[in-house]
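Novice: compute the structure for the input listed below.
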Amino acid sequence: MTQTNVRYKIRRYIDKTAVKGLLFLLIVFSLTGCSQKAGNAVGRTGYESSTLPTDTESGFDSVKRMNSDAFAWLYIPDTNINYPILQNAEGDDTFYQGHNELKEPDAEGAIYIEAANLNDMCDFNEVIHGASPADGNRFAELNNFLDKAYFDEHQYAYVYMEDNSLTYYIIAAYTRDNTRLLEQYDFSYASGCSEFIDEIYNNGDANKIIREGCETGLSPEHFLITLTTDSTVEPGRQTVVVGCLVGDAAGKINREIDYGNEEY
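Specialist: Coordinates of the predicted model:
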């Protein structure tokens, strides 16, 4: 099966009717910066249980039947980023670098998380990887977020699960060294979370954009997604787009935070 046919086979599950159904999940938030705790943002989402993905034809179930490694669906409006998220059941973090959603060899790979992340989206930072092929598929459009006008126009990312719908407010985009975030920072401890927050705020990258009102306020109590891809702006580095959870339809996103002996 050619890459074009694979993409068509996946994409046909997301027709215009399905997308319209998903758009009913979109909500408008009034945020006073990002100092608002995630726990306070959750519970004011305006979601109703009847609008969960299990009651809409999003295409997620169809992909999951073909590949049990699929656990969620990522959608960023007005972009080509509209893909299932996978995690290799055997713990092979390189598998989806060279295989698509159907587990078929594919140079463009798929959208995936590493074994070190939880697939219930309850980690402090869910690091989601994707390639930047020349045809603009997968995560290639993440590099567009380094343009201020594009960044300003694209504010939300959505993650749909079997029993939940999550909304993330996109707060930052920048390039960084091509190192594994989950190896560099230990997000199981508050100290590791704070170190990554410090990178967001204080990394001196010239291309960094932070959304107005979100220049301060993140804490280990928040829930983030970090979308990563090869940088086309600075070859040899990676582009990251960071979102903060502001909507948890089913109220399932929670975790215990290990502060150790440190105070925050």
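Novice: Ile197 is in contact with Ser219, correct?
Specialist: Yes - look at Ser219 against Ile197 with CB atoms under 8 Å: they come within range, at 7.3 Å. All C-beta spots, glycine's among them, are computed from the backbone N, C-alpha and C.
Novice: more neighbours, those two?
Specialist: Ile197 (21 against 16; other CB atoms under 10 Å).
Novice: what helix or strand is that one on?
Specialist: helix 190-202 (DSSP states H and E).
Novice: please name every helix or strand in contact with that helix.
Specialist: strand 165-177 (3 or more CB pairs under 8 Å, 6 or more residues apart in numbering; DSSP states H and E).
Novice: let's test this: mean pLDDT of the helix or strand that comes right after the strand it packs on, rounded?
Specialist: If you walk from strand 165-177 toward the C-terminus, the next helix or strand you reach (DSSP H and E) is helix 181-184. Helix 181-184 shows a mean pLDDT of 95.
Novice: how far out from the middle of the chain is helix 181-184?
Specialist: How far helix 181-184 lies from its chain's middle: 16 Å, per CA atoms, centre = their mean, to the nearest Å.
Novice: got a list of contacts for that helix?
Specialist: If you take CB atoms under 8 Å, 6 or more residues apart in numbering as the criterion, helix 181-184 is touched by 114, 116-117, 125, 127, 196, 226, 228, 240.
Novice: 6 Å instead, please
Specialist: 114, 116, 127 (CB atoms under 6 Å, 6 or more residues apart in numbering).
Novice: can you check stretch 236-254 too?
Specialist: Contacts of stretch 236-254 (CB under 6 Å, 6+ apart): 29, 34, 38, 41-42, 45, 47, 122, 142-143, 145, 157, 163-173, 175-176, 178, 222-229, 231.
Novice: and those residues, which of them are buried?
Specialist: Neighbour counting with 16 or more other CB atoms under 10 Å marks 34, 38, 41-42, 45, 47, 142-143, 145, 157, 164-173, 175-176, 222-229, 231 as buried within those.
Novice: still on that earlier bit, from the contacts of helix 181-184, which ones fall inside strands?
Specialist: Val127 (DSSP state E).
Novice: assign Thr232 to helix, strand or coil.
Specialist: coil (DSSP: H, G, I helix; E, B strand; the rest coil).
Novice: tell me how far the residue nearest to Ala134 when sequence neighbours are not counted lies from Tyr189.
Specialist: Distances taken as CB to CB, 6 or more residues apart in numbering put Ala140 closest to Ala134, at 7.8 Å, once the chain neighbours are dropped. Per CB to CB, to the nearest Å, Ala140 is found 34 Å from Tyr189.
Novice: compare those two and say which is more crowded by neighbours.
Specialist: Just comparing Ala140 and Tyr189: by other CB under 10 Å the higher neighbour count belongs to Ala140, 22 against 17.
Novice: pretty sure the more buried one contacts Ser132?
Specialist: Yes - using CB atoms under 6 Å, Ala140 is in contact with Ser132, at 4.2 Å.
Novice: can you give me the helices for the stretch 1-150 of the chain?
Specialist: Secondary structure of the stretch 1-150 of the chain (DSSP state H, counting those that start in this stretch): helices at 3-11, 16-23, 38-41, 60-66, 148-153.
Novice: rounded mean pLDDT for the longest one, please.
Specialist: For helix 3-11, the per-residue pLDDT values average out at 45.
Novice: same deal with the fourth one?
Specialist: Model confidence over helix 60-66 averages 77 on the pLDDT scale.
Novice: for that helix, output the C-alpha coordinates as PDB.
Specialist: Extracted in PDB, the C-alpha atoms of helix 60-66 (Å, rounded to 0.1, in the frame of the first residue of the first chain):
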ATOM      1  CA  PHE A  60     -11.000   7.200  16.400                       C
ATOM      2  CA  ASP A  61     -12.800   3.900  17.000                       C
ATOM      3  CA  SER A  62     -12.100   2.800  13.400                       C
ATOM      4  CA  VAL A  63      -8.300   3.400  13.800                       C
ATOM      5  CA  LYS A  64      -8.200   1.700  17.100                       C
ATOM      6  CA  ARG A  65      -9.800  -1.400  15.600                       C
ATOM      7  CA  MET A  66      -7.000  -1.500  13.100                       C
END
